[in-house]
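S.K.: Show me the folded form of this:
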Amino acid sequence: MKTRITELFGIEHPIIQGGMHHVGLAELAAAVSNAGGLGIITGLTQRTPELLAREIARCRAMTDKPFGVNLTFLPSVNPPDYPGYVKAIIEGGVKVVETAGNNPQKWLPALKDAGIKVIHKCTSVRHALKAESIGCDAISVDGFECGGHPGEDDVPNFILLPRAAEALKIPFVASGGMADGRSLVAALALGAEGINMGTRFIATQEAPVHDNVKRAIVAASELDTRLVMRPLRNTERVLTNAATERLLQKERELGAAITFADIAPEVAGVYPRIMQQGEMEAGVWSCGMVAGLIHDVPTVQQLIDSIMAQAEALISGRLAGMLRPTA
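M.R.: I've put the predicted structure just below:
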């Protein structure tokens, strides 16, 4: 399949693996890239630029295909060593960076000078237009369905994607609710040039997370996610568990007076315990509503092959068959 996204990033299929904390390691990124998509290493999961450089080198040893690095710019009193991370990305020969969080403008000149393509993650059209105006090459448009941070506008992809298509000149991919060939064909029909999948890629054999995490996703329905941290205007969609329900109870009890310190036991430093040790009640963790469409744990190759086969069958078969022949 040829789209502006496959051409921009030099990939076979218009499928990008989302940057996910303690999931986007070299094993998964390389598997996605080897299967024809664009794998993404999550930069800030590596605690230092030196560790990121090592992870990039590990990925390079596992694939000769393009892969990217996610770099999330967070508001922080003691920010990460962003100059060091950017240096590691450039020196590692990475040619695609997925940025997220705060405006990446100050980092674009160095990335651009190194020939790196930048795709910025946005949850609204206004933010996507800003990213386009500062020189980003593409956008990952995140609908309200997505796992992680869906923004504060609550616009689902059936509206957000056509609006992005109306407004943007640069290509974009659809993120949030993407699981299979139906997702890909729908996203293309709504104006996207591909899809970004997060939760779906966690439930694969190569995803470097505990089997308990994969089983939880397969067992979940589309009704099993919750929105937390909304009173702090840092809304996150997570899978429900005991920690999630405790956090929501605190939000109800404390109301507008709630602070991050009140919920720290449920959210601070819990990802290694969940993703690596499989302690499913240790805290809250990002998961999309798309869990309701995930019923198995295939290899990454099997997943991407099935997506492309289903998409091709839908486009050339079911949809084409709906057209009335003209006289």
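S.K.: so where's this structure shaky on pLDDT?
M.R.: Applying pLDDT under 70 to the chain flags the ranges 327.
S.K.: Would you mind listing the residues in contact with residue 37?
M.R.: Taking Cβ atoms under 8 Å, 6 or more residues apart in numbering as the criterion, residue 37 is in contact with 11-13, 15-17, 304. All C-beta atoms are positioned from the backbone trio N, CA, C, and that covers glycine.
S.K.: Centre-most residue in this structure?
M.R.: Residue closest to the average C-alpha location in the chain (Cα atoms, centre = their mean): residue 18, at 2.7 Å.
S.K.: Could you verify my assumption that it touches residue 175?
M.R.: Yes - in terms of Cβ atoms under 8 Å, residue 18 counts as a neighbour of residue 175; the distance is 6.4 Å.
S.K.: Show me whatever sits in contact with both of those two.
M.R.: Counting by Cβ under 8 Å, 6+ apart, the contacts common to residue 18 and residue 175 are 140, 196-198.
S.K.: In contact with the residue nearest to the centre of the chain, which residues?
M.R.: Residue 18 makes contact with 24, 40, 70, 98, 140, 175, 196-198, 201, according to Cβ under 8 Å, 6+ apart.
S.K.: Residue 55: what's it in contact with?
M.R.: When contacts are counted by Cβ under 8 Å, 6+ apart, residue 55 touches 25-26, 41, 46.
S.K.: Quick check: the two most widely separated of those?
M.R.: Using Cβ to Cβ, the contacts of residue 55 span at most 10.2 Å, a distance reached by 26 and 46.
S.K.: Where do the strands of the stretch 1-150 of the chain begin and end?
M.R.: With strands called from DSSP state E, counting those that start in this stretch, the stretch 1-150 of the chain shows them at 15-17, 39-42, 67-73, 96-101, 117-122, 138-142.
S.K.: Pick the most deeply packed of the ones you listed.
M.R.: Ranked by mean neighbour count, the strands of the stretch 1-150 of the chain are led by strand 15-17 with a mean of 31 (mean count of other Cβ atoms under 10 Å).
S.K.: And for it, what's in contact with it?
M.R.: Contacts of strand 15-17 with the rest of the structure, by Cβ under 8 Å, 6+ apart, involve 5, 9, 24, 28-29, 32, 36-40, 68, 98, 119, 140, 173, 184, 194-198, 201, 304, 307.
S.K.: change it to 7 Å
M.R.: Outside strand 15-17, the residues within contact range by Cβ atoms under 7 Å, 6 or more residues apart in numbering are 28-29, 32, 37-40, 173, 194-197, 201, 304, 307.
S.K.: Among the residues you listed, which are located in helices?
M.R.: Among the contacts of strand 15-17, the members falling in helices (DSSP state H) are 28-29, 32, 201, 304, 307.
S.K.: now, the most widely separated pair of those?
M.R.: So for these, where distance means Cβ to Cβ, the most widely separated pair is 29 and 307, at 17.5 Å.
S.K.: Please identify which of those two sits among more neighbours.
M.R.: Neighbours were counted for residue 29 and for residue 307 using other Cβ atoms under 10 Å; residue 29 has more, 33 against 26.
S.K.: Now do the contacts for the residue lying closest to the more buried one once chain neighbours are set aside.
M.R.: Spatial nearest neighbour of residue 29, excluding adjacent residues (Cβ to Cβ, 6 or more residues apart in numbering): residue 39 at 3.2 Å. Contacts for residue 39 were tallied using Cβ under 7 Å, 6+ apart; they are 17, 28-33, 67.
S.K.: Identify the bridge partners of residue 39.
M.R.: residue 67 (DSSP bridges).
S.K.: Please report the number of neighbouring residues for residue 56.
M.R.: Neighbourhood size, residue 56 [other Cβ under 10 Å]: 23.
S.K.: so it sits right up against residue 94, yeah?
M.R.: Yes - contact criterion Cβ atoms under 7 Å: residue 56 and residue 94 qualify, at 6.1 Å.
S.K.: hey, what's in contact with both of these two?
M.R.: residue 69.
S.K.: which of the contacts of residue 18 lies closest to residue 155?
M.R.: Distances from residue 155 to those, taken by Cβ to Cβ, are shortest for residue 175, at 13.0 Å.
S.K.: where's the closest one relative to residue 141, distance?
M.R.: To residue 141, residue 175 is 6 Å away according to Cβ to Cβ, to the nearest Å.
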